[in-house]
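# Structure for this input, please:
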Amino acid sequence: MLAYAVTSSGLFLRTLWALLLLAPSLYAYNTIWDDPNCTEHEVSVDRGHRVVMACNISNNFRDVTVNLTAYGKTRIIFNQMPPGNYSEESWQLQIQGGQARLVIMDAQGIHAGKYCWKLRGRQSNYTDFILNVTSLANDNHEPESLKVHTESPTAVKTEVISVIIVAIIIIIIGIGVFAWNKHRHSLEPHRYRFQATGLSHGSPGRPYLTLP
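Sure thing, here's the model as predicted:
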């Protein structure tokens, strides 16, 4: 019984040690992030001027999607474009390696609004740009004033690492509970065997004594 308890404790400690060694490995794996680095998320440009919105990541792009929301409507400008150079009306999208650039050579009122980017490298990342085109006095509508809601890569890392840590803790607790239950059940046959031996000799609850 003592040997079993020592063995169970040893197994639990070895499992705990293995999980503790695994945690840094998981963290190291999750440090291979895209880490998007983008230009300013709110840009103002005079009508007729050139404007560039760009994002760089640590890995190579698989594809890029760009949506434009303006005047209460959303349209897809570029949808899951792999590396290369693309043109759509007056927008140009350039993707090479870990760099993506959206270029407008002659900014006009139709270009103003909120640009939502989906960047796919090793992970999927989302970022927004607000483009304001000034000197719009003759336009019938002005682009809506929209706030930028950018997902922080650091927040994503923290969330993933927290999930991993919680999962490791749950596994450790589960292994501990399982080992304890197994150890407790292993003691019950010994207890019942001792009680049965006591009841089979002499009065109940007392062991049988042999007189000389």
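# For stretch 63-78, measure first residue to last.
End-to-end span of stretch 63-78 (Cα to Cα, to the nearest Å): 10 Å.
# Outside of it itself, list whatever touches it.
By Cβ atoms under 8 Å, 6 or more residues apart in numbering, the list of residues contacting stretch 63-78 from outside reads 79-82, 86, 88, 91, 93, 95, 100, 102, 110, 112-120, 141, 143-144, 146. For every residue, glycine as well, the C-beta is placed using N, CA and C.
# Just the buried residues of these.
Among the contacts of stretch 63-78, those classed as buried by 16 or more other Cβ atoms under 10 Å are 81, 86, 91, 93, 95, 100, 102, 112-120, 143.
# Longest strand in this structure, please.
strand 124-134 (DSSP state E).
# so what are the domain limits for this structure?
Domain ranges of the chain: 1-36+151-212, 42-149, per automatic domain parsing.
# got a pLDDT number for the nearest residue to residue 123 once chain neighbours are set aside?
The shortest distance from residue 123 to any non-neighbouring residue, by Cβ to Cβ, 6 or more residues apart in numbering, is to residue 34 (5.5 Å). On the pLDDT scale, residue 34 is placed at 93.
# which SS state does residue 34 fall under?
coil (DSSP: H, G, I helix; E, B strand; the rest coil).
# what's the following helix or strand after the lowest-mean-pLDDT helix or strand in the chain?
Within the chain, no helix or strand scores below helix 2-30, which has a mean of 56 by mean pLDDT, DSSP states H and E. Downstream of helix 2-30, the first helix or strand assigned by DSSP states H and E is strand 37-38.
# C-alpha coordinates for the helix or strand just after that next one, PDB please?
The C-terminal neighbour of strand 37-38 among helices and strands, as given by DSSP H and E, is strand 42-46. The C-alpha trace of strand 42-46 is given here as PDB (Å, rounded to 0.1, in the frame of the first residue of the first chain):
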ATOM      1  CA  GLU A  42      -6.500  57.700 -39.300                       C
ATOM      2  CA  VAL A  43      -5.300  59.500 -42.400                       C
ATOM      3  CA  SER A  44      -6.300  62.900 -43.700                       C
ATOM      4  CA  VAL A  45      -5.400  63.900 -47.300                       C
ATOM      5  CA  ASP A  46      -6.300  66.700 -49.600                       C
END
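# In strand 42-46, which residues are buried?
43, 45.
# Pull up the pairing partners for that strand, direction included.
strand 124-134 (parallel) (DSSP bridges).
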